[in-house]
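Novice: here is a sequence with its predicted model. Questions after.
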Amino acid sequence: MSKIVFVIQEDEIDGGYIARALCHGITTQAETIAELKIMIADALRCHFDTESEIPKIIRLHHIKDEVLAWV
């Protein structure tokens, strides 16, 4: 596997951010994007058995949910 994609969303309940990997059971969270990147790297090391199995490309797909309300 050459790449893995994480979907990044703001945590509406607790604040901070949540990252979920597509096609893998990897989820992590952090207060800031910078901390989240560190947590993603740590989660990848825990999920894969060896360093060589970790995908070389890690894509972060940020999802921003906006709501418009007509008054």
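Specialist: Yes, it's here.

Novice: look up how far His24 lies from Leu36.
Specialist: For Leu36, the distance to His24 (CB to CB, to the nearest Å) stands at 16 Å. The way it works is simple: take the backbone N, C-alpha and C, and place the C-beta from them, glycine included.

Novice: His47 is in contact with Ile26, isn't it?
Specialist: Yes. In this structure, His47 is within contact of Ile26 by CB atoms under 8 Å, at 5.2 Å.

Novice: shaky segments in this structure?
Specialist: Residue ranges of the chain with pLDDT under 70: 1.

Novice: could you find the closest non-adjacent residue to the residue most central in space within the chain?
Specialist: The centroid of the chain falls nearest to Ala19 when counting by CA atoms, centre = their mean (2.4 Å). Counting by CB to CB, 6 or more residues apart in numbering, Ala19 lies nearest to Phe6, which is 4.5 Å off, once chain neighbours are set aside.

Novice: do the same with Arg59
Specialist: Val5 (4.5 Å).
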